[in-house]
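# okay, sequence plus prediction incoming.
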Amino acid sequence: MNVMDIQNKVIHLALTDALNDGYLKNDPLPGVKKRYWNSPKITILTKAQVKIFLAAAKEYHSIYLEVLLALFCGLRKGEIMGLKYKDFDFLQHTVSINRQITRDYDVVIEEDRTYKIATQRLSTKPPKSYSSYRTLIISAFIFDELEIRKKENEEILKLTENHEWAEYICLGIKGNIKSDGTYTEAIKRICKRNGLPHITMHGLRHMFATILIEQGVSLEKISKLMGHKSVATTFEIYCGIMEAKKEIAKTIDSVMDPAIDAVKVRSKGGIVCM
């Protein structure tokens, strides 16, 4: 996206807000055709649907902690997979994002074309950008689930001689880091069995940002919470959501179980996700 596109978006949103808030009596650009930009398709679940989804995920349980970290903290899937126990501070109730785990690719050259083919190998890498290094304050119920996960992982480690990933929280039954396909298939199954709209782990992250927007959190704070490279990145992704804020407010209630309150940002203690 070039500078002109970003400027056009800012002007359009500013005029729309001014009109909606009563600062302008009439549309200053009547008859001007609105320009639409490509933006990610974001699935928004209602409060009732979220409760059904979380209840089903808790029964499935092998991905429940990961679901909570995506929906209530806005973490990327790779960031969640890269979490170690030491990244959680039980006294301060924080989690620090210091790395991500991503799938490796093999490069295949056929004639004049080059292909990248995903492999089963996983690599530990730095976060996506410098801004992705961040510390978030998280709710107690996530720490409760972390304690359960730690006990489950200890049982897994007893049954396997594979201790390569013992410090990490997202272990599969063989002691390895769960693959991204594990989350994809589990969530797909949960949605299908419960008649819910299809959503992904990254979609849960989008929902977290949407709740922040609905609650009136500033774009700058949302950008920091999401670990985006810049506010412009946040704006580009969620421009359409900001335009539709009034419609979203009708869809999302001010309280979402199992959170005590909807996502709020406090002024003390660093960046807050709950």
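All right, it came through fine.
# which parts of the stretch 101-250 of the chain are helices?
Using DSSP state H, counting those that start in this stretch, the helices of the stretch 101-250 of the chain run over 140-159, 180-193, 201-214, 219-226, 231-243, 245-251.
# just those helices: most buried one?
Highest mean neighbour count among these (mean count of other C-beta atoms under 10 Å): helix 201-214, with a mean of 22. (Glycine included, C-beta is placed from N, CA and C.)
# and the angle for that helix with helix 219-226?
Put simply, helix 201-214 runs at 150 degrees to helix 219-226, going by axes from the mean of the first three to the mean of the last three C-alpha atoms, to 10 degrees.
# residue 178 contacts residue 171, correct?
Yes - contact criterion C-beta atoms under 8 Å: residue 178 and residue 171 qualify, at 7.0 Å.
# re the thing from before, what's the closest of the helices of the stretch 101-250 of the chain to residue 46?
Proximity to residue 46, assessed across those by C-beta to C-beta, is greatest for helix 245-251 (5.9 Å).
# in this protein, where is pLDDT below threshold?
Along the chain, the parts satisfying pLDDT under 70 run over 1-41, 115-120, 240-274.
# one more time with 50, if that's ok
Within the chain, the stretches with pLDDT under 50 are 1-2, 33-37, 244, 246-274.
# ok, which stretches of it are strands?
Assigned by DSSP state E, the chain shows strands spanning 88-89, 94-97, 100-110, 113-125, 134-137, 271-272.
# any residues touching the second one, and which ones?
The one in question is strand 94-97. For strand 94-97, the surrounding residues in contact (C-beta atoms under 8 Å, 6 or more residues apart in numbering) are 69, 73, 75, 79, 82-83, 87-89, 127, 132-138, 142, 227, 269-270.
# just the first one next, same as before
By C-beta under 8 Å, 6+ apart, the list of residues contacting strand 88-89 from outside reads 94, 95, 96, 143, 146.
# mind listing what the last one touches?
The neighbours of residue 146, taking C-beta under 8 Å, 6+ apart as the test, are 65, 85, 88, 169.
# any chance of the backbone angles for residue 229?
phi -60, psi -40 (degrees, to the nearest 10).
# that one and residue 129 touch, don't they?
Yes - here residue 229 reaches residue 129: they are 4.4 Å apart, a contact under C-beta under 8 Å.
# intersection of neighbour lists for these two?
Taking C-beta under 8 Å, 6+ apart as the contact rule, residue 229 and residue 129 touch no residue in common.
# ok, now which ones touch the residue most central in space within the chain?
In the chain, the centroid-proximal residue (C-alpha atoms, centre = their mean) is residue 205; its distance is 1.9 Å. Contacts for residue 205 (C-beta under 8 Å, 6+ apart) come out as 70, 71, 74, 75, 76, 226.
# restricted to helices, list those residues.
Mapping the contacts of residue 205 onto helices (DSSP state H) picks out 70, 71, 226.
# number of residues surrounding residue 177?
Neighbour count of residue 177, defined by other C-beta atoms under 10 Å: 18.
# so it makes contact with residue 171?
Yes - using C-beta under 8 Å, residue 177 is in contact with residue 171, at 6.8 Å.
# any shared contact partners between the two?
Contact criterion C-beta under 8 Å, 6+ apart; residues shared by residue 177 and residue 171: residue 165.
# just to revisit the earlier point, what's the closest of the contacts of residue 205 to residue 194?
Minimum distance to residue 194 across the contacts of residue 205 is 15.6 Å, recorded for residue 71 (C-beta to C-beta).
# mark which of the contacts of residue 146 are buried, thanks.
In the contacts of residue 146, burial by neighbour count holds for 65, 88, 169, counting by 16 or more other C-beta atoms under 10 Å.
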